[in-house]
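[1] Following is a predicted model, sequence given first.
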Amino acid sequence: LDSRSLGTNMLRSKTEDEFRQRCSEVTIQSEQQGHFGAFVQLIEKANPKFRETFNTLDTDEERVYFCTMLNKIDHMIVKPVFKPKNLEAAKSKRAEGNEAYQKKRYKQAMLLYTMSAMRAPSSGDDTLAYSIANRSACLYYMGDINHCLADIDFALAQGYPSQLQYKLFERRAKCYVHLKQFDKAKTAWSKAKQNLDINKAKLDEKKLSQAAKSLKDLMSSIEQKKGIKDEVIIIEEEHVPVEPKLTKGCNKKMTDLSKLVKVEHNEAVGRHVVAEKGIKAGDTLAVEEPFAAVLYPDKLGSNCDNCFAKLRAAVPCPNCAGVGFCSVACRDEACSSFHKYECQVQDLILGLGSSALARLSYRMVASQSLKFFNNIKHHLNVDEKRSEIEALALHYSIPGVPKSKYLSYLRLFNLVGLDSKRWQEDLFNRALMSVCLLKILKHTQYFPNKSDQDTFTSDEVFIGSLMMRHMNVLQFNAHEIYEFFRGDRARIKPFKNNLIGVGVYPQASYFNHSCNPVTTRFNIGKKLILKSLTPLQPGQEVSENYGQVFYFKSKAERQKDLCGRYWFNCECKACKEDWPLLKENTKVSWKGEQNESALDDLKTIFDCGSDFMEHGQGKDAVESLTEYINEVYTLVDAPLETVIRAEDKLRTCFNNMGTVLFQDTALKINPQEKR
């Protein structure tokens, strides 16, 4: 953490630890150029005696209300700040796309058509429909049949000109021929023929003749159930990860956790997860969708803002050019939920310098209605010991909102926020950021009853206090979301975890930290999967890791980081016994009698797992590595270098089961494409 890159204009305590303050600040404002720090300074100067009153306040609601009453709070004027549609830019990019397409540079043309689609207005002009239709042609020649079909549907829905629709129906029929779905190909062909017949008068003789011949040849391919003449299309196979099922089924009370675990509480470590039954390496212990999640700003153009999938053929928002979606379904879901309260103010939120966690606290509110929060208002009393909330009598009368959504929010609300350990300046910074976000939310007409921009109703103050609570909870409970980036399709290495965003997972948040974690997590889209790395006996704690592992960093470094960022002194076994770094873990700690030959025999299984991994055989590698780990722990105790390396390789294999991207994806071309 570099203090020069943080919002250091925020209020500072003279007595609190400097590193801890910097760590807390970056969870509020993350951008050096953000305006929030300067706004804090403005408010402080305009209210010289505010501390006298603020320091006496007890609740988030009181603190937020107090901040709404401060002098110069009205100096933050909310206006739409976003990337608007631009018809001229859209037409220009489409023209560039047409040039590239004529030269058969399909990849380049596809990207230009996408840029055109993002900037094109959704109504009043046909540029969007043309750009999407043209993009479908690029995708066809690139072998991306599924996205091609989706673009055809999208272009038709956007009003692609009637007299040209036969082209799209013909392309749809060709797609189905490649997919060997000949009945669907016939249906699409019939629509193409019908459309061509209706619009004969609008086409010149040459085009009409070419279209008729093309359809005749296509029908021949359909009837003979063979490939399309004079076309070499290599169909791109999509890598679709398989979501693992919870081992032994789901826990009755915590349905996103396995039956193998349960949540307990004690005063020393708070809520934590323990093994209810014996656990083996490789067991799936949690599969959870986030209550809400946000992309990092630099990923808004490369990933779907709703499901976080990598964008291949982006579907634009109808009203802004700032985000993309992977499909019309994702667009509609987002626009009927959080995006309508972000669309026109996204760049304002970013310009404020809002951290990813501040943006997430806003989205947690924007993703649900005011009625949702009012329905459970009387249950929103912070209880950081409570985990079993299923028995609460909930009023869940909103169509389409299941009881599980309410339970998820209540779990989230009661996660640890460490309010009692916060210094007054930190509370003030958070309350003021909440008021800034509240003013923005209010401008988007989230609240049904209109009020003056700087007069706040009880409903508005209540929502502001929830955003403050969210920021406190997220500081210690948010999970980063990753893609697994591979350099080679034949081998798992080289690889790296590519950070794309951050989400909040109420049930996965019950797992406490250990510097020697027994689990690892990966993502499929924005879904979190937690797998066991080691065997555990009933009653043993099931831990994960907050970023610090004993074999890469010394105890002093780990403790400083954990204390500054998460406000606790770690007392895991690796810390208590001060385990050495990786290569120093050569001494074997035997569980029973020394048995070197058994250990050597097991090493051959480990070597097999390593070899499978080296050659990209992930499934076989997992089988060998889990067998080795489960067996080796019957002989020895941690730490031991070979076992640590086995667990690390297993972690990599699990990452490979999530969202995987390949380095050559961006370079993939078809034989027909000219360079």
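    That came through fine. What you see is a predicted model; the values in this text were computed from it and never measured.
[2] Ramachandran angles for residue 498?
    Main-chain dihedrals, residue 498, degrees, to the nearest 10: phi -100, psi 110.
[3] Quickly list what it is bridged to.
    residue 483 (DSSP bridges).
[4] Going along the chain, name the helices of the stretch 401-550 of the chain.
    In the stretch 401-550 of the chain, the segments counted as helices under DSSP state H, counting those that start in this stretch are 403-413, 424-443, 458-477.
[5] Those helices: which one's closest to residue 28?
    Evaluated over these, closeness to residue 28 peaks at helix 424-443, with 5.3 Å, by C-beta to C-beta. (Glycine included, C-beta is placed from N, CA and C.)
[6] That closest one: which residues count as buried?
    For helix 424-443, burial by neighbour count (16 or more other C-beta atoms under 10 Å) applies to 425-443.
[7] same question, stretch 445-454
    For stretch 445-454, the neighbour count (16+ other C-beta under 10 Å) marks 446, 447 as buried.
[8] Pull that stretch out as CSV, backbone CA atoms only.
    Taking C-alpha atoms only, stretch 445-454 is exported to CSV below (Å, rounded to 0.1, in the frame of the first residue of the first chain):
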residue,chain,number,x,y,z
GLN,A,445,-35.3,7.9,-8.6
TYR,A,446,-34.7,4.7,-6.5
PHE,A,447,-37.1,6.2,-3.9
PRO,A,448,-40.7,6.3,-5.0
ASN,A,449,-41.6,9.4,-3.0
LYS,A,450,-39.8,12.5,-4.4
SER,A,451,-38.1,14.9,-2.0
ASP,A,452,-35.7,17.8,-2.4
GLN,A,453,-32.1,16.9,-3.4
ASP,A,454,-30.7,17.9,0.0
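[9] Which residues does it contact?
    For stretch 445-454, the external contacting residues (C-beta atoms under 8 Å, 6 or more residues apart in numbering) are 68, 73-74, 77-78, 341, 365-366, 370, 439, 441-443, 457, 459-460, 463.
[10] before we move on, the earlier item: just send the helices of the stretch 401-550 of the chain back as CSV, with mean pLDDT too.
    Formatted as CSV, the helices of the stretch 401-550 of the chain follow (pLDDT from 0 to 100):
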stretch, mean pLDDT
helix 403-413, 93
helix 424-443, 98
helix 458-477, 98
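[11] Identify whichever of these lies nearest to residue 532.
    Across the helices of the stretch 401-550 of the chain, residue 532 has its closest neighbour in helix 458-477 (21.1 Å, C-beta to C-beta).
[12] Who are the packing partners of that closest one?
    Helices and strands touching helix 458-477, by 3 or more C-beta pairs under 8 Å, 6 or more residues apart in numbering; DSSP states H and E, are helix 60-68, helix 356-366, helix 370-375, helix 403-413, helix 424-443, strand 495-504.
[13] List the contacts of the last one.
    Right, the one you point to is strand 495-504. Around strand 495-504, the neighbours that count as contacts under C-beta under 8 Å, 6+ apart are 290-296, 299, 303, 308, 356-357, 360, 364, 412, 473-474, 477-487, 526, 528, 652, 655-656, 661.
[14] returning to what we had before: can you flag the buried ones in the contacts of stretch 445-454?
    68, 73, 341, 365-366, 370, 439, 441-443, 459-460, 463.
[15] Which of those sits closest to residue 258?
    The closest of the buried ones among the contacts of stretch 445-454, once distances to residue 258 are taken by C-beta to C-beta, is residue 365, at 30.8 Å.
[16] Can you verify my assumption that that closest one contacts residue 438?
    No - contact criterion C-beta atoms under 8 Å: residue 365 and residue 438 do not qualify, at 9.1 Å.
[17] Mutual contacts of these two, please.
    The contact lists of residue 365 and residue 438 share 463, 467, where a contact means C-beta under 8 Å, 6+ apart.
[18] Residue 598 versus residue 590, what's the distance?
    To residue 598, residue 590 is 10 Å away according to C-beta to C-beta, to the nearest Å.
[19] who's more crowded, these two?
    Counted by other C-beta atoms under 10 Å, residue 590 and residue 598 do not tie: residue 598 has more neighbours, with 15 against 12.
[20] Helix or strand: which one has the more buried one?
    If you go by DSSP states H and E, residue 598 is part of helix 596-614.
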